[in-house]
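Student: I'll drop the sequence and a predicted model, then ask my questions.
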Amino acid sequence: MKVITSGVTAPKGFEAAGLRAGIKAGKTNKDMALIYSKVPAVCAGTFTRNIVKAAPVLWDQEIVAEQGMAQAVVVNSGIANACTGEVGYNNCKMEAEITAELLDIKPENVLVSSTGVIGAQLNMDVVKKGIEMLVPAKEQTAEAATLAAEAILTTDTHKKEIAVECTIGGKTVTIGGMCKGSGMIHPNMGTMLAFVTSDVAIEQPLLQEILKAQVEDSFNMISVDGDTSTNDTCLVLCNGLAENPVLTKESEDMAVFEEALQTVLTYLAKQIAGDGEGCTRLFEVICHEAATKEDAKKISKAVVCSSLTKAAIFGKDANWGRILCAMGYSGASFDPEKVDITLKSEHGTLSIVENGVATDYSEDLATEILSGNPVQAILNVHAGEGEATAWGCDLTYEYVKINADYRS
């Protein structure tokens, strides 16, 4: 497997476009994107578990569950189309119908996603104009993929995309992905908005099973602010144009595909965590030797979600008591008097806690290590063989400023 410079257009048969339609007046950013497969693709998806679900989530859930096939994804940023009632759902249907007519495909093969302000209705004249511009603009180039990746951003500071190649059944298989996410980040399914394309041939139920499992160790292990969005969506489309033997559970190359997909999902998840609103550094928490993997996940996620710990990381303060405190309320079982805590970055490695008590460490060295990016907190609870990693970021003054002004 190798990483290549591209995004969602890297796999055979996928085109993309991104541009400004004018979803929110007075802005200048790109705000609509299109992903298109030249042939129908099997699709899988994971979605927010928030009871308040945006209209596009409801639309996409139906397509994934009832059709399991898709050929296009149309996305807008600026307005989330959440808490918009029947009108919002009908607007999703209208988006699909407009897109389908222009691409000469079925409306039920068009997935729809939105991100932005909750509670506002989409201006469908603007959306229609945007789709009419996107369709002729789509291309199978790396530049087109980047334009699409830029068009789905909200408070993000940079695009987030990746592509990898691997060999399956003697054929070169490519997986491309893009995502957005910076605030309202605490997934309970998959991610904010993530779109993955591949030319692999695979059975749809198997793709859904793999995606559901893999988001647990990627997108479900990140947090910026503890808020689970109404719009969280992760979609994977596979069109089979690599012409490999169709992957099944019994396929010898299943592990190759799973590793490649996990690489894409984990990279995108870390990009979101490291671009948290106002953050200055990625915070990675690695838990070793927990009683079970589930306990390791609870421990690492509790620490990465702790507002006090996140603030300490911002302040470059080795306040390890906050880390141990978060571990203690995580719900995992361990002996506090057996816990070791180590800090690590490009500036060095430092043991600050051994057997539950502080070591004679240098505060100056700890501050230097905490000024790196990323910063790792490595936890060992000496209770078993469970391991897990969670990703987050520091908590800064800028986070409050961004979210105080978000709607305006």
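Tutor: Ah, there it is.

Student: how about the helices in the stretch 51-200 of the chain?
Tutor: 55-66, 85-103, 124-137, 142-151 (DSSP state H, counting those that start in this stretch).

Student: look at the spatially closest residue to Val52 that is not a sequence neighbour and give its secondary structure.
Tutor: Spatial nearest neighbour of Val52, excluding adjacent residues (Cβ to Cβ, 6 or more residues apart in numbering): Thr230 at 4.9 Å. (Each C-beta comes from the backbone N, C-alpha and C, glycine too.) Under DSSP: H, G, I helix; E, B strand; the rest coil, Thr230 falls in the coil class.

Student: phi, psi of Thr230?
Tutor: As for Thr230, its main-chain torsions (degrees, to the nearest 10) stand at phi -80, psi -10.

Student: got it, and Gly68?
Tutor: Backbone phi and psi, for Gly68 under degrees, to the nearest 10, turn out to be phi 70, psi 10.

Student: same question, Pro40
Tutor: Dihedral angles (degrees, to the nearest 10) for Pro40: phi -60, psi 140.

Student: for Gly170, same thing?
Tutor: The phi/psi pair for Gly170 (degrees, to the nearest 10) is phi 80, psi 0.

Student: quick one, what contacts the residue nearest to it when sequence neighbours are not counted?
Tutor: Nearest non-adjacent residue to Gly170, counting by Cβ to Cβ, 6+ apart: Asn244, 7.5 Å away. Counting by Cβ atoms under 8 Å, 6 or more residues apart in numbering, Asn244 touches 168-171, 173, 200-201, 253.

Student: and Asn244, how far from Glu252?
Tutor: 11 Å (Cβ to Cβ, to the nearest Å).

Student: one more: Thr349?
Tutor: Distance from Thr349 to Glu252, by Cβ to Cβ: 40 Å.

Student: which residues sit against the lowest-mean-pLDDT helix or strand in the chain?
Tutor: Ranked by mean pLDDT, DSSP states H and E, the weakest helix or strand in the chain is helix 397-404, scoring a mean of 88. With Cβ under 8 Å, 6+ apart as the test, helix 397-404 has contacts from 155, 183, 225, 276-279.

Student: 6 Å instead?
Tutor: 155, 277-278 (Cβ atoms under 6 Å, 6 or more residues apart in numbering).

Student: is Ala302 in a helix, a strand, or coil?
Tutor: helix.

Student: any idea how many residues pack against Thr280?
Tutor: Thr280: 16 surrounding residues under other Cβ atoms under 10 Å.

Student: so what's it closest to, chain neighbours aside?
Tutor: Using Cβ to Cβ, 6+ apart, the nearest residue to Thr280 is Asp394, at 5.7 Å.

Student: so who does the one you found touch?
Tutor: Applying Cβ under 6 Å, 6+ apart, the residues near Asp394 are 279-281, 310, 313-314.

Student: hmm, 8 Å instead?
Tutor: Asp394 makes contact with 276, 279-281, 283, 310-311, 313-314 under the criterion Cβ under 8 Å, 6+ apart.

Student: those in helices, which ones?
Tutor: In helices, defined here by DSSP state H, the members of the contacts of Asp394 are 310-311, 313-314.

Student: didn't Thr84 look like it was pressed against Lys53?
Tutor: No - in this structure, Thr84 is not within contact of Lys53 by Cβ atoms under 8 Å, at 11.1 Å.

Student: give me the pLDDT for Asn188.
Tutor: As predicted, Asn188 sits at a pLDDT of 64.

Student: go on, the one 4 residues further on?
Tutor: In the predicted model, Met192 carries a pLDDT score of 75.

Student: equivalent analysis for the one 5 residues further on, please.
Tutor: Model confidence at Thr197, given as pLDDT, is 98.

Student: so it makes contact with Ile175?
Tutor: Yes - judged on Cβ under 8 Å, Thr197 makes contact with Ile175 at a distance of 7.3 Å.

Student: hey, what's in contact with both of those two?
Tutor: Common neighbours of Thr197 and Ile175, counting by Cβ under 8 Å, 6+ apart, are 10-11.

Student: so for the two, which residue has more residues nearby?
Tutor: Counting neighbours by other Cβ under 10 Å for Thr197 and for Ile175 shows that Thr197 has the greater number, 33 against 27.

Student: for that one, give me its contacts.
Tutor: Per Cβ under 8 Å, 6+ apart, neighbours of Thr197: 8-11, 14, 35, 37, 41, 175-177, 236-239.

Student: reduced to three states, what does the closest residue to Tyr361 other than its chain neighbours come out as?
Tutor: Distances taken as Cβ to Cβ, 6+ apart place Ile352 nearest to Tyr361, at 5.0 Å, with adjacent residues excluded. Counting by three-state DSSP, the backbone at Ile352 sits in strand.

Student: neighbours of Ile352, how many?
Tutor: For Ile352, the count of nearby residues is 22 (other Cβ under 10 Å).

Student: check contacts around the residue of the chain positioned farthest from its centre.
Tutor: In the chain, counting by Cα atoms, centre = their mean, Asp360 sits farthest out from the average C-alpha position, at 39.1 Å. Counting by Cβ under 8 Å, 6+ apart, Asp360 touches no other residue.

Student: list of residues touching the helix or strand encompassing Gln214?
Tutor: Taking DSSP states H and E as the criterion, Gln214 maps to helix 204-214. By Cβ under 8 Å, 6+ apart, the list of residues contacting helix 204-214 from outside reads 42-46, 64, 68-69, 190, 234, 236, 238, 247-249, 257-258, 261-262, 265.

Student: which of those residues fall within strands?
Tutor: Judged by DSSP state E, the subset of the contacts of helix 204-214 located in strands is 42-46, 69, 234, 236, 238.

Student: wait, which of those is closest to Asn29?
Tutor: Cys234 (22.9 Å; Cβ to Cβ).

Student: quick one on the thing from earlier: over to the residue nearest to Gly170. Which of the three states is it?
Tutor: Applying three-state DSSP: Asn244 is coil.

Student: settle this for me: Val236 is touching Ser198, isn't it.
Tutor: Yes - assessed by Cβ under 8 Å, Val236 is found in contact with Ser198 at 7.1 Å.
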